[in-house]
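Trainee: coordinates for the following, if possible.
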Amino acid sequence: MPELPEVETIRRQLEKHLVGHKILGIDIRVAKIFPQGKEKLIGGRVKSARRLGKVLIVDLDNSFSFLVHLKLTGQVIYAAPKFPNQPGKFTHVVFKLDKGGQLFFNDSRKFGWIRVEKTSDVAKESFIKRLGPEPLRDLTAKKFAEIVSASRRPIKILLMDQTRLSGVGNIYANDALWLAKIDPKSPANSLGSREVKTLYKAVLKVLKDGIKYQGASDQWYVTAEGKKGSYQEHFLAYGLEAELCKRCRKAKFIKYFLGGRGTYACPVCQRL
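Mentor: Below you'll find the model as predicted:
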């Protein structure tokens, strides 16, 4: 699933390419992805592209916005004459823009969605209201410590709980915990103040690195320009099962499942 760095990369490119475009029409090929409201967007001109957690928000000049969640395999790709992308077999929504532009929403598993809201009501949308503070925007070290100390759940599961901390998913949780030398299974409230402070800094670092490398591309994630990110070339722990830990060089990464998600850790560096 695209996480904060992937969605932020898409947002920045949409801000660059989409702002100023007028929506001339919308072709919806799978109704459950975009069930209603398209008529409120047609004729509107894009003012801005923003993000809350993993949700993209595109604001128009007619007081309406559309929200996009990519879920597991969603893609948002901007196409213009200099970006010769074409609809594919997984293209389910096509925004037809002026100046010859198009915006494609692709999703092989069809879990993603697009919703229309009044711009003034976006913050009231139920999904948005449940989001916790975001590490790169409004999460202070003090607030992070409060969130951690209030939970007995394994720290990795807490980091991925979008109602407690928005934007962090499996890739960046694994890498942050390795960077902070913390066992993913550790009860959150068992961490000492120094560990919490170290983890806070680690979360910020891996997210910033993810943005720097334009996200991590697996089979499905691409940027809004249709290109792959490169954070996967810089993984610290995620996906490195059986590879030698690059820090201690004494043990190989192990993989197990925690909360149903693949978890990677060094048994030497990240002991309970």
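
Trainee: use CA for all of it now, contacts and neighbours both
Mentor: Noted.

Trainee: how many neighbours does Glu8 have?
Mentor: Here the number of neighbours of Glu8 (other CA atoms under 10 Å) works out to 26.

Trainee: so how far is Val168 from it?
Mentor: Glu8 sits 12 Å away from Val168 when distances are taken as CA to CA, to the nearest Å.

Trainee: cool, and Glu117?
Mentor: On the measure of CA to CA, Glu117 and Val168 end up 25 Å apart.

Trainee: so for the two, which sits in the more crowded spot?
Mentor: Taking other CA under 10 Å, Glu117 and Val168 do not tie; Val168 has more neighbours (26 against 20).

Trainee: surely the more buried one meets Glu3?
Mentor: Yes. Counting by CA atoms under 8 Å, Glu3 is a contact partner of Val168 at 6.1 Å.

Trainee: list residues touching both of those two?
Mentor: With contacts defined as CA atoms under 8 Å, 6 or more residues apart in numbering, no residue is shared by Val168 and Glu3.

Trainee: point out where the protein drops to low pLDDT.
Mentor: Residues of the chain meeting the criterion pLDDT under 70: 81-85.

Trainee: walk me through the domains of it.
Mentor: 4-129, 141-265 (automatic domain parsing).

Trainee: the longest one spans what distance, first to last residue?
Mentor: In terms of CA to CA, the two terminal residues of domain 4-129 are separated by 17 Å.

Trainee: what do you get for stretch 134-143?
Mentor: 11 Å.

Trainee: 676 is where my numbering starts, stick with that
Mentor: In the new numbering, first residue 676, that becomes stretch 809-818.

Trainee: pretty sure Leu874 sits in a strand.
Mentor: No. Leu874 is assigned helix when assessed by DSSP: H, G, I helix; E, B strand; the rest coil, not a strand.

Trainee: and it, how far from Tyr847?
Mentor: Distance from Leu874 to Tyr847, by CA to CA: 12 Å.

Trainee: neighbour count: those two, which is higher?
Mentor: Just comparing Leu874 and Tyr847: by other CA under 10 Å the higher neighbour count belongs to Tyr847, 29 against 24.

Trainee: that one contacts Lys880, correct?
Mentor: No. The criterion here is CA under 8 Å, and Tyr847 misses it with Lys880 at 9.6 Å.

Trainee: need the contact partners of stretch 875-885.
Mentor: 679-681, 810-811, 816, 819, 847-848, 850-852, 854-855, 891, 906.

Trainee: which parts of stretch 694-714 are buried?
Mentor: For stretch 694-714, the neighbour count (16 or more other CA atoms under 10 Å) marks 694-701, 703, 708-709, 713 as buried.

Trainee: which one of those residues is nearest Lys902?
Mentor: Val694 (19.9 Å; CA to CA).

Trainee: roughly how far does the closest one sit from Lys722?
Mentor: Relative to Lys722, Val694 is positioned 5 Å away (CA to CA).

Trainee: and what of Val797?
Mentor: Distance of Val797 to Lys722, computed by CA to CA: 15 Å.

Trainee: what's the strand or helix carrying Phe770 packed up against?
Mentor: Using DSSP states H and E, Phe770 sits within strand 766-772. Where contact means 3 or more CA pairs under 8 Å, 6 or more residues apart in numbering; DSSP states H and E, strand 766-772 is packed against strand 698-703, strand 777-782.

Trainee: next SSE downstream of the last one?
Mentor: With elements assigned by DSSP H and E, the helix or strand that comes after strand 777-782 is strand 788-793.

Trainee: over to the first one?
Mentor: On the C-terminal side of strand 698-703, the closest following helix or strand by DSSP H and E is strand 721-727.

Trainee: partner strands of the helix or strand following that next one and their direction?
Mentor: Going down the chain from strand 721-727, the next helix or strand is strand 730-735, by DSSP H and E. Neighbouring strands of strand 730-735 in its sheet, by DSSP bridges, are strand 721-727 (antiparallel), strand 739-744 (antiparallel).

Trainee: need those strands in a markdown table (columns: distance to Arg869 and mean neighbour count).
Mentor: Output for the strands paired with strand 730-735, formatted as a markdown table (distance: least, CA to CA, whole Å; neighbours: other CA atoms under 10 Å):
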| stretch | distance to Arg869 | mean neighbour count |
| --- | --- | --- |
| strand 721-727 | 29 | 20 |
| strand 739-744 | 35 | 22 |
